[in-house]
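*Asks:* Any chance you could fold what I've pasted below:
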Amino acid sequence: MLKLATIAFMTATLAIAASGQTSQSKPNLPIPSRSQLAWQRLEYYAFVHFGMNTFTNHEWGEGRAPATDFKPTAFDAEQWARIVRDAGMKGIIITAKHHDGFCLWPSETTEYSVKNSNWRGGKGDVLKDLSAACRKYGLKFGIYISPWDRNHPLYGTPKYNAVYKQQWHELLSNYGEVFEAWLDGANDNSKRMVYDFNGFFGTIRSIQPNAVIFSDAGPDIRWVGNERGIAGETNWSTRDNEGTFPGFADEAALNVGDENGASWIPAECDVSIRPGWFYHQEEDAKLKSVEQLMEIWYGSVGRNCNLLLNIGVDRRGLVNEADAARLMEFKKAREAAFAANLVGRVDASSTRGPRFPASAVNDEKFGTFWMPREGAKTPELTIVLGRESAVDAVVLQENIALGQRVRRFSIAVWDGRGWVNVSRNTTIGYKRIVRFKRTVTTKVRISIDDAKATPAISTIEVYDTRKQ
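*Replies:* Below you'll find the model as predicted:
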């Protein structure tokens, strides 16, 4: 028990230091690791499903198509990276191997890979090109390999676990830093594979200790429980993970987390810009609209999640023009909605002292934050706008390096005679975007109605997102 307490204290100290705040504020455990905190601050990055299915027009290939069917005609990983960067995304996670078993790198574990395709004379390596492109354009690089392998002859036997670990070893040893290692619990219904998940996680940790590991149930990042890209309005980053595993698909549990969970396992929202995950030409005119993407943004990043948006790389090996155009339209819409923060002066019902002033919520520094006096769990902040303005959205952030604290909060606007409540909400976490009926006012009040510990609020912003 003493050892566990020491580890918890050291983790808390590291995370608080990583946040930029070195005060002795007591953390509300559990808290994120340094890697989890860095991951959360990325907010938005790309998923790319590209592989044999791209050329066979399937979503779930059977692993029977010959390796020679993989034949991109104009593959350009730098084109992917430029578009992703310009769209405001912070990284790319590539499907290095999907369920069909085809490997986008020349793996020694199988003959079913790019080394036996005709692409670049069998000398091509998608992972090599993409990891280099990500470094060149300042993007994080992540990898997904499916544990299910419909081609490998050892799949379904205990020996396959060693094959899968070796694939992770190859990928994590040869392509530079990996920010996220992504796996699910996909399995064959006819020959059920007993996966050595703890062994998989141990392999990843031993080679890339700073990478966060995603699966449906963690250990570092959890699935949000659906592929719509929408989290619960209540969303705790903490989870009680006993009895869960990769492949755990209880949306009701994953969507909201556990208020008193023992582990910090925040949620990631994965969703495709297209109806499917792999590129299909017939879907070029079926991309999600900008309005739909904005709703996904509010329902993911705006509800304490990161957004993993899948885009279409076509048979040329290029991000398709339709996807690229929609990504830029989406970026433009986000920039327009959040162009002008209307916060002027910030007044607090109380503060803990000069190191935690109310003004910290408007200094554009995540590592600084406002705290009320010790023990105040229902404090208030009044935002005085620079002028009378229409408002319809508030962005809030907790300093999650100290843990997630707020259970409930409400927002009110001043109508000239008194305060009018416009929104009652649960949980903030790393980021919460609350929208309400557009109202003209000079002041906005944020009331913390219930908290697990003294609130630590890093950011408050006020917007008119619907302005013309």
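*Asks:* Could you use CA atoms for every contact and neighbour count after this?
*Replies:* OK.
*Asks:* What ranges does the stretch 151-300 of the chain have for its strands?
*Replies:* 180-182, 212-214, 222-223, 238-239, 263-264, 267-272 (DSSP state E, counting those that start in this stretch).
*Asks:* Let's have those in TSV, adding distance to residue 101 and mean pLDDT.
*Replies:* Formatted as TSV, the strands of the stretch 151-300 of the chain follow (distance: least, C-alpha to C-alpha, whole Å; pLDDT from 0 to 100):
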stretch	distance to residue 101	mean pLDDT
strand 180-182	16	98
strand 212-214	20	98
strand 222-223	23	96
strand 238-239	32	96
strand 263-264	32	97
strand 267-272	21	98
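*Asks:* got a markdown table for those strands, with mean neighbour count and distance to residue 433 too?
*Replies:* Shown next, in a markdown table, are those (neighbours: other C-alpha atoms under 10 Å; distance: least, C-alpha to C-alpha, whole Å):
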| stretch | mean neighbour count | distance to residue 433 |
| --- | --- | --- |
| strand 180-182 | 23 | 25 |
| strand 212-214 | 23 | 24 |
| strand 222-223 | 27 | 20 |
| strand 238-239 | 24 | 19 |
| strand 263-264 | 23 | 21 |
| strand 267-272 | 26 | 16 |
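*Asks:* Export those strands as a markdown table, with columns for distance to residue 83.
*Replies:* Output for these, formatted as a markdown table (distance: least, C-alpha to C-alpha, whole Å):
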| stretch | distance to residue 83 |
| --- | --- |
| strand 180-182 | 20 |
| strand 212-214 | 24 |
| strand 222-223 | 26 |
| strand 238-239 | 34 |
| strand 263-264 | 32 |
| strand 267-272 | 16 |
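*Asks:* how about the residue of the chain positioned farthest from its centre, secondary structure?
*Replies:* In the chain, the greatest distance from the average C-alpha position (C-alpha atoms, centre = their mean) is reached by residue 417, at 42.1 Å. The three-state assignment at residue 417 reads coil, by DSSP: H, G, I helix; E, B strand; the rest coil.
*Asks:* Could you check how far it is from residue 381?
*Replies:* According to C-alpha to C-alpha, to the nearest Å, residue 417 and residue 381 sit 18 Å apart.
*Asks:* swap in residue 215?
*Replies:* Residue 215 is 38 Å from residue 381, by C-alpha to C-alpha.
*Asks:* swap in residue 112?
*Replies:* Residue 112 sits 60 Å away from residue 381, going by C-alpha to C-alpha.
*Asks:* Name the residue in those two with the higher neighbour count.
*Replies:* residue 112 (25 against 21; other C-alpha atoms under 10 Å).
*Asks:* which stretches of the stretch 251-400 of the chain form helices?
*Replies:* With helices called from DSSP state H, counting those that start in this stretch, the stretch 251-400 of the chain shows them at 251-254, 290-299, 321-337.
*Asks:* how much does the second one deviate in direction from strand 267-272?
*Replies:* Here helix 290-299 runs at 170 degrees with respect to strand 267-272, directions being taken by axes from the mean of the first three to the mean of the last three C-alpha atoms, to 10 degrees.
*Asks:* what's helix 290-299 in contact with?
*Replies:* 228-233, 273, 307, 326, 329-330, 333-334, 433 (C-alpha atoms under 8 Å, 6 or more residues apart in numbering).
*Asks:* do that again at 10 Å, thanks
*Replies:* With contact meaning C-alpha atoms under 10 Å, 6 or more residues apart in numbering, helix 290-299 is reached by 43-44, 228-233, 269, 271-273, 287-289, 300, 302-307, 309, 326-334, 337, 432-435.
*Asks:* Likewise for the shortest one?
*Replies:* Here helix 251-254 makes contact (C-alpha under 10 Å, 6+ apart) with 216-217, 222-226, 231-232, 235-237, 239-240, 248, 257, 265-267.
*Asks:* Now with 6 Å, please.
*Replies:* Helix 251-254 is touched from outside by 224-225, with contacts defined as C-alpha atoms under 6 Å, 6 or more residues apart in numbering.
*Asks:* tell me the average confidence for that helix?
*Replies:* Helix 251-254 shows a mean pLDDT of 92.
*Asks:* Convert stretch 78-98 to PDB, retaining C-alpha atoms only.
*Replies:* Output in PDB follows, covering the C-alpha atoms of stretch 78-98 (Å, rounded to 0.1, in the frame of the first residue of the first chain):
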ATOM      1  CA  GLU A  78       3.400  14.000 -47.800                       C
ATOM      2  CA  GLN A  79       0.100  15.000 -49.500                       C
ATOM      3  CA  TRP A  80      -1.700  13.300 -46.600                       C
ATOM      4  CA  ALA A  81       0.300  15.100 -44.000                       C
ATOM      5  CA  ARG A  82       0.000  18.600 -45.700                       C
ATOM      6  CA  ILE A  83      -3.800  18.200 -45.800                       C
ATOM      7  CA  VAL A  84      -4.100  16.900 -42.300                       C
ATOM      8  CA  ARG A  85      -1.900  19.800 -41.000                       C
ATOM      9  CA  ASP A  86      -3.800  22.400 -43.000                       C
ATOM     10  CA  ALA A  87      -7.100  21.100 -41.700                       C
ATOM     11  CA  GLY A  88      -6.000  21.800 -38.100                       C
ATOM     12  CA  MET A  89      -5.500  18.200 -37.100                       C
ATOM     13  CA  LYS A  90      -2.500  17.200 -35.000                       C
ATOM     14  CA  GLY A  91      -1.700  13.700 -36.100                       C
ATOM     15  CA  ILE A  92      -2.400  10.600 -38.200                       C
ATOM     16  CA  ILE A  93      -3.200   7.100 -37.000                       C
ATOM     17  CA  ILE A  94      -2.800   4.600 -39.900                       C
ATOM     18  CA  THR A  95      -4.400   1.100 -40.200                       C
ATOM     19  CA  ALA A  96      -1.100  -0.600 -40.700                       C
ATOM     20  CA  LYS A  97      -3.000  -3.900 -40.700                       C
ATOM     21  CA  HIS A  98      -6.700  -4.400 -40.900                       C
END
